[in-house]
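Chemist: Provided below are the primary sequence and the corresponding predicted coordinates.
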Amino acid sequence: MTMIPDELFDLAFEFKSLKPWKKMHPAQFFSVILPDGRPRFCQIFGGGTGKPALWIHNSEESVQAYLRMVHAKKVNFYTKVAYLVEQEAYILTFENKAALAPSEIGEIQDYLTKKKLKPSGSGFYPVFRVTTAQHRAWMYRDKADVDDTLLCLQAVMKRINDILKASNTSKYILDLRHHVQDRELAIPALVYDGSTYATDVASVVTDSQPKHYQPKWNDLQVARMKKAKKTGAIWVADQGTLPEALINEDAKMNEFGEAIKAPYFPEMLAVFDEASGELLFMETSLSDKDLYGNITKSLMSVIMKQGRPMTIRVRNDATEALLSGLCSKLNITLDRRKSIPELDDFRCDVHAQWMESQGFSEEEIDHELGKVFETAESVSKRLKSDRERTDMLESIADSLVEDPAATEEFVRYVDGKGIMSLVPDVVFDNLVDAVMLFDIDPSLEKLVKEEFRRRYYEDGYDEFDDGEDEY
């Protein structure tokens, strides 16, 4: 991560104090042109349109992606994903402390101490992110991006002050809502060379096609993706195309499309950290070169279609050797680590279940995984107990979807006692899937949505996408 200078924090708090979102709509664009001659296109979010934020689009394609989303007949999760894949922007938002990475917390606390400021209110902390096409947003890694953002913000604040003081803002901004049919947009620009300002116009062609591959998601995958956001940063890719691509070439599928002959299950899981841009790749202790070669080939294909991480962290020599060529070709940092603590426990649990289902003995499981549990005997007992509890909870969730009487009793009980927060994850996750996939009782749907927001979103904004968002 690159250090954020105090000047950027100064400008961020100045931006927040002016509250430009009270006068501007996200569809009102203006541009700044830096010494490199390249226009950056700016839009401001906030107020009724969500959290206060400044977007500085670094390319014409990024603006075109926004326009495609705005002009879509129905804005839902799919159109948003298509937009996200095309984004190239510097982003300034304001978040609660829980949304910041530890390094960011240290930086902002040092700044607040120097300025003798105390945090106050929700969404107090300024957060800087950068996103490029086919990549997810992450913290700044390149000092050049920080320098560009500083110049952009200086020009942006000059333009915002002009807009807030003006009775007629048409010479400073272009309202895209009034130019829906235009094939080319002329966006007012402020030219800034670091010391002096001048005016100009930046052009954007509107009728373009998406440049990058658009992933296809079904409703169940959407639900899984949304639930994964409970961490604020982690995406577990166990329901998308990635695990399908990692299945061995001679794998067989059952009637439900599930693999019945495939590599060890942990090979099919990857975790993506949006804050750091890291892909945590899970491997077993095996050194089967055919298996790893297939994974490398498949992973290359998926990454090039769905977006590249900044870093791939691996744990053993075989994977490091096989992924080195891929990482070099795609300019990805390959991070060799002997252990990834955040994955070890989960990996061992999943691996033990898979091995037992394949008929491995307790001794073989213990030998393969090491001394994971207290005794080898505890493996089967623990798995049996977990399975029984999971089966019981899943049957409860199924009955709530299928049996109106059970639904009515459940809603009356949890609503009256205020204990929706105590519903186990297995039941609640199935209920979230049901909301996405079926027409369920409206009172139950309302409870699930409210609990979803409480569990996974601390800021209170409605992020449960029902396809009816307005932009």
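Modeler: Sure thing, it's come through.
Chemist: residue ranges for the strands of the stretch 51-200 of the chain, please.
Modeler: For the stretch 51-200 of the chain, the strands defined by DSSP state E, counting those that start in this stretch cover 53-57, 89-95, 125-131, 174-175, 184-192, 197-205.
Chemist: For the second one, the averaged confidence score.
Modeler: The average pLDDT within strand 89-95 is 91.
Chemist: Would you mind pulling up the elements that that strand packs against?
Modeler: Contact here means 3 or more C-beta pairs under 8 Å, 6 or more residues apart in numbering; DSSP states H and E; on that basis strand 89-95 packs against helix 6-18, strand 53-57, strand 125-131, helix 143-165. C-beta here means a position set from N, CA and C on the backbone, and glycine is covered the same way.
Chemist: Please work out which residues outside the shortest one touch it.
Modeler: If you take C-beta atoms under 8 Å, 6 or more residues apart in numbering as the criterion, strand 53-57 is touched by 15, 32, 40-46, 63, 66, 87-94, 149, 152-153, 156.
Chemist: Mind picking out the helix or strand in the protein with the poorest mean pLDDT?
Modeler: Every helix and strand of the chain was ranked by mean pLDDT, DSSP states H and E. The lowest is strand 234-236, at a mean of 29.
Chemist: any low-confidence regions in the stretch 251-400 of the chain?
Modeler: 251-311, 313-319, 322, 326, 329-330, 337-359, 364, 367-400 (pLDDT under 70).
Chemist: Show the average pLDDT along stretch 123-134.
Modeler: 83.
Chemist: actually stretch 108-118, sorry about that
Modeler: 92.
Chemist: Can you name the residues in contact with it?
Modeler: Among residues not part of stretch 108-118, those counted as contacts by C-beta under 8 Å, 6+ apart are 6, 9, 100, 119, 125-126.
Chemist: Narrow these to those that are buried.
Modeler: 9, 100, 125-126 (16 or more other C-beta atoms under 10 Å).
Chemist: and these, which two are the farthest apart?
Modeler: Phe9 and Leu100 (12.9 Å; C-beta to C-beta).
Chemist: Just grab the bridge partners of Tyr90 for me.
Modeler: On the basis of DSSP bridges, Tyr90 is bridged to Ile56, Val130.
Chemist: these two touch, right, it and Phe128?
Modeler: Yes: contact between Tyr90 and Phe128 holds when scored by C-beta atoms under 8 Å: they sit 7.2 Å apart.
Chemist: Pull up the overlap in contacts between the two.
Modeler: In contact with both Tyr90 and Phe128: Thr149, using C-beta under 8 Å, 6+ apart.
Chemist: The chain - how does it break down into domains?
Modeler: Residue ranges for the domains of the chain, per automatic domain parsing: 6-205, 219-372, 381-456.
Chemist: Report pLDDT for Ala99.
Modeler: 73.
Chemist: Can you report how many residues neighbour it?
Modeler: Per other C-beta atoms under 10 Å, the neighbour tally for Ala99 reads 17.
Chemist: from memory it sits against Val127, does it?
Modeler: Yes: Ala99 is within contact range of Val127, at 6.8 Å (criterion: C-beta under 8 Å).
Chemist: can you put the strands of the stretch 51-200 of the chain in TSV and add distance to Ala27?
Modeler: Listed next are the strands of the stretch 51-200 of the chain as TSV, based on distance: least, C-beta to C-beta, whole Å:
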stretch	distance to Ala27
strand 53-57	12
strand 89-95	16
strand 125-131	20
strand 174-175	6
strand 184-192	11
strand 197-205	13
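Chemist: Which of those strands sits closest to Ile160?
Modeler: Short answer: strand 53-57, nearest of the strands of the stretch 51-200 of the chain by C-beta to C-beta, at 9.1 Å.
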